[in-house]
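Peer 1: give me coordinates for this.
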Amino acid sequence: MAEIPGVITPADIERWAPSLPSGDQNDLTAEAVALVRRHAPCVASGSDDLKAEARGIIRRVVQAAVAADASIGYSLETIGPFTARMEKRGASLATASDIAALAALCGGTTSSGLPLGSFPDAMNVCGLFAERRRAR
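Peer 2: Residues are numbered from 1 along each chain as shown. Below is the predicted model:
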């Protein structure tokens with residue numbers, strides 16, 4: 001089971017999100033632990049005060065996710081004779097400000113560049129291929 005002692009444990013999720021089924025609570029715990037490990041890796045070995053700050057941020061994230069029905073779960077959507085199983089949560093558990101707050105705990109900042117897998121728009125490759133040069 002995923003946990004960071006003093007910051008996030010499965011028992012915390014049970015207290016913060018008692019309405020979720022246990023399988024969803026486990027998934028939410030794993031996602032919260034991954035969030036802390038990715039954006040604030042110093043927390044696991046940090047002081048009790050640092051862990052308490054991270055715990056407060058994660059508690060707010062989990063409660064906001066559950067309140068916004070962003071919990072891990074599914075709904076059935078029916079259109080005509082077809083039924084699809086749809087995931088109910090958004091793309092990320094935390095907002096950008098939550099991630100920035102976690103990163104600030106370790107003295108870091110979040111990257112402010114382009115998203116992964118994107119390319120700059122200002123790239124000039126028009127003259128790269130002979131076909132394009134002739135088309136002008």
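
Peer 1: give me the contacts around the longest helix seen in the chain.
Peer 2: The single longest helix within the chain, with elements called by DSSP state H, is helix 48-67. Residues from elsewhere that reach helix 48-67 (CB atoms under 8 Å, 6 or more residues apart in numbering): 4, 6-8, 12-13, 16-17, 19-20, 28, 32, 35-36, 40, 42-43, 46, 70-71, 89, 93-95, 98, 101-102, 105. C-beta: built from backbone N, CA, C; applies to glycine.

Peer 1: mind checking which of the residues you listed are in strands?
Peer 2: The strands in this structure, assigned by DSSP state E, contain none of the contacts of helix 48-67.

Peer 1: Ser97: what's it in contact with?
Peer 2: Contacts of Ser97 (CB under 8 Å, 6+ apart): none.

Peer 1: ok, it to Lys51 distance?
Peer 2: Distance, Ser97 to Lys51, using CB to CB, to the nearest Å: 20 Å.

Peer 1: now do Ala94
Peer 2: 18 Å.

Peer 1: again, but for Ala84
Peer 2: Taken as CB to CB, the span from Ala84 to Lys51 is 42 Å.

Peer 1: which one's more surrounded, these two?
Peer 2: Lys51 (20 against 10; other CB atoms under 10 Å).

Peer 1: tell me the pLDDT of the more buried one.
Peer 2: We note a pLDDT of 91 for Lys51 in this prediction.

Peer 1: what do you get for Met86?
Peer 2: 68.
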